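> coords please:
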Amino acid sequence: MEDTTISTTAPPPEKSQLPWYRRLNQMKGLLLALVSMAQMLDIINVASVTIALPNIQEEIGYSTDQLQWVTSAYALAYGAFLLIGGRFGDLFGHRRTYIFGVTWFSIWAIVNGFAKDPIIMSVGRALQGMGAGFTVPSFVVIPASKGESKITDRRIDFLGVSTFTIGIVCVIFYLSESPTSGWASAKTLTPFLIGLALLISFVFIEYKIDYPIMPLYIWKSRRLVASSLAIICVSAATNAMVYFSSLLFQNVLGYTPLKTSLTYIVHGVGAVVANIVVNKLLSKVRTKLIMLVGVADADDEDQGVVGAAQQIGTPIGIAIANIVANNVNSPTAKGAELLPGYRAAFYSYAVMAGVGLVVTILFAANSDPVRMHSPPAGEVCAGDDEAGREKETSEVLKGGSLMSLGDVSVQPGEKSEMEESSVQPGEKTELKD
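Numbers count the residues shown, from 1 in each chain. So this is what the prediction gives:
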């Protein structure tokens, strides 16, 4: 007997028949542009706030030792919620998680704009960082996603979430506060030991639980491990350079925030051009080879501020483009649907961890962000004129940036630039912020 059942399922409507807001959803270029704004917002809230630190200190009333919390509070919450945001995107959909993160981020950005008290500002920055933690992991995944999550087991590892969040907050607090309170003081060392114990417990919990927030088997992927280590080094160098050069431009050279921002244009242009070129090379050249070229440094002799910025921006643009592509396009054979959130989270961690580590190391001996030697009254040094100061700025940018990248070397018997420019015994100096 023939089956004469007639299907009543209506065919999907034509694109032209959809409402305007549904047609916008079909535009992949617009989708890519919108989700890419998440990473731009993250960078802006690191770089732009760094550029505005002198004004924030003056208008809101931060002390010099506590000024770092404008960025550290953001980093604490950002780091604590990255893994959670990535996992929530895997479980409940990256688009929903992205929208929630952007909304939360925007609310606290407005609150921070009206803040007049250091405590309110620090708390607002922390809550804003929480929104970025939910947004950025989904930003990397959405363009390459072929649909919403198909995971059926939506149980959440609350024990793992708690131990990881508290543990990472304690460790970052130690890195941020130790330069001013002491590396071995009870105020900082106690939270660090607690955080270390919680992170060790987190690994044990993830090994034992049936529905871990971060399955440990994902780290068997050598490509994931290599890409994660590379992005840590690249992002740490980039953001440390922006932090210190911003303070140098304003506190030493007297630049306005607008002029300081304009000095970084060539850095961004180099990175954008490199990303466009890399997009054409990915289908022809192995990503590992392009990454190697990207992190290789050029000759730094006779380079000015423009040369130093372009020299750093272009190779970093090449490296980051390939690291993200390498991560998104290299799922493991098992549990591939779980990887995107973790990859994006690890990619974004580098900004927080790298800047925190570099800043605390360089602040260990002195908590003031930038100090400059000035000659005794009545004397004039070569660096006092505009050309001299521009040259000093160039050398600091080159030396600090390349040192962060690990490319500065000194031959036996030679003096480094820092040793040559250091104050000799018997010279009088006056410290100036």
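> Near Val49, how many other residues are there?
17 (other CB atoms under 10 Å). Every C-beta, even on glycine, is put in place using the N, C-alpha and C of the backbone.
> part of a helix, is it?
Yes: according to DSSP: H, G, I helix; E, B strand; the rest coil, Val49 belongs to a helix.
> Now do the helix or strand containing Ile110: which elements does it pack against?
Assigned by DSSP states H and E, Ile110 belongs to helix 94-113. Counting contacts by 3 or more CB pairs under 8 Å, 6 or more residues apart in numbering; DSSP states H and E, helix 94-113 packs against helix 28-51, helix 69-92, helix 118-141.
> With just CA atoms, put the second one into CSV.
The C-alpha trace of helix 69-92 is given here as CSV (Å, rounded to 0.1, in the frame of the first residue of the first chain):
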residue,chain,number,x,y,z
TRP,A,69,43.8,49.3,39.8
VAL,A,70,42.1,51.2,36.9
THR,A,71,43.5,48.5,34.7
SER,A,72,44.1,45.7,37.2
ALA,A,73,40.4,45.6,38.3
TYR,A,74,39.4,45.1,34.7
ALA,A,75,42.0,42.4,34.3
LEU,A,76,40.9,40.5,37.4
ALA,A,77,37.3,40.1,36.3
TYR,A,78,38.3,39.7,32.7
GLY,A,79,40.5,36.8,33.5
ALA,A,80,38.1,35.2,36.0
PHE,A,81,35.2,35.1,33.6
LEU,A,82,36.9,34.2,30.3
LEU,A,83,36.8,30.5,30.9
ILE,A,84,33.2,30.7,32.2
GLY,A,85,32.2,32.8,29.2
GLY,A,86,33.7,30.4,26.8
ARG,A,87,32.0,27.4,28.4
PHE,A,88,28.6,29.2,28.6
GLY,A,89,28.9,29.9,24.9
ASP,A,90,29.5,26.2,24.2
LEU,A,91,26.5,25.2,26.3
PHE,A,92,23.9,27.9,25.5
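> Buried by neighbour count: which residues of the helix holding Ile110 qualify?
94-95, 97-98, 100-102, 104-105, 108-109, 111-112 (16 or more other CB atoms under 10 Å).
> same thing with stretch 188-205?
In stretch 188-205, counting by 16+ other CB under 10 Å, buried: Thr188, Pro191, Phe192, Gly195, Leu198, Leu199, Ser201, Phe202, Ile205.
> my guess is the fourth one contacts Cys170, does it?
Yes: counting by CB atoms under 8 Å, Gly195 does reach Cys170; the two are 2.7 Å apart.
> coming back round to it: in JSON lines, list the buried residues of helix 94-113 along with distance to Lys259.
Compiled in JSON lines, the buried residues of helix 94-113 are given as follows (distance: CB to CB, whole Å):
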{"residue": "His94", "distance to Lys259": "39"}
{"residue": "Arg95", "distance to Lys259": "39"}
{"residue": "Thr97", "distance to Lys259": "38"}
{"residue": "Tyr98", "distance to Lys259": "34"}
{"residue": "Phe100", "distance to Lys259": "37"}
{"residue": "Gly101", "distance to Lys259": "32"}
{"residue": "Val102", "distance to Lys259": "30"}
{"residue": "Trp104", "distance to Lys259": "33"}
{"residue": "Phe105", "distance to Lys259": "28"}
{"residue": "Trp108", "distance to Lys259": "28"}
{"residue": "Ala109", "distance to Lys259": "24"}
{"residue": "Val111", "distance to Lys259": "28"}
{"residue": "Asn112", "distance to Lys259": "24"}
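> distance of Leu34 from Val273?
According to CB to CB, to the nearest Å, Leu34 and Val273 sit 23 Å apart.
> same deal with Pro179?
For Pro179, the distance to Val273 - CB to CB - is 37 Å.
> So which of the two has more stuff around it?
Neighbours per residue, other CB under 10 Å: of Pro179 and Val273, the larger number sits with Pro179, 20 against 15.
> mind checking pLDDT for the more buried one?
You'll see Pro179 listed with a pLDDT of 72.
> do the one 10 residues further on as well
Here the pLDDT value assigned to Leu189 is 88.
> With just CA atoms, put the helix or strand containing it into PDB.
In this structure, Leu189 is located in helix 186-208 according to DSSP H and E. Extracted C-alpha coordinates of helix 186-208, given in PDB (Å, rounded to 0.1, in the frame of the first residue of the first chain):
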ATOM      1  CA  ALA A 186      50.900  38.700  54.400                       C
ATOM      2  CA  LYS A 187      48.500  40.900  52.500                       C
ATOM      3  CA  THR A 188      49.700  39.500  49.100                       C
ATOM      4  CA  LEU A 189      51.400  36.200  49.900                       C
ATOM      5  CA  THR A 190      48.300  34.700  51.600                       C
ATOM      6  CA  PRO A 191      45.900  35.200  48.700                       C
ATOM      7  CA  PHE A 192      48.600  33.900  46.300                       C
ATOM      8  CA  LEU A 193      49.000  30.700  48.200                       C
ATOM      9  CA  ILE A 194      45.200  30.300  48.500                       C
ATOM     10  CA  GLY A 195      44.900  30.900  44.700                       C
ATOM     11  CA  LEU A 196      47.700  28.400  43.900                       C
ATOM     12  CA  ALA A 197      46.000  25.800  46.100                       C
ATOM     13  CA  LEU A 198      42.600  26.400  44.400                       C
ATOM     14  CA  LEU A 199      44.100  26.200  40.900                       C
ATOM     15  CA  ILE A 200      45.700  22.800  41.800                       C
ATOM     16  CA  SER A 201      42.300  21.700  43.200                       C
ATOM     17  CA  PHE A 202      40.700  22.900  39.900                       C
ATOM     18  CA  VAL A 203      42.900  20.500  37.900                       C
ATOM     19  CA  PHE A 204      42.100  17.600  40.200                       C
ATOM     20  CA  ILE A 205      38.300  18.400  40.000                       C
ATOM     21  CA  GLU A 206      38.400  18.600  36.200                       C
ATOM     22  CA  TYR A 207      40.200  15.200  36.100                       C
ATOM     23  CA  LYS A 208      37.600  13.500  38.300                       C
END
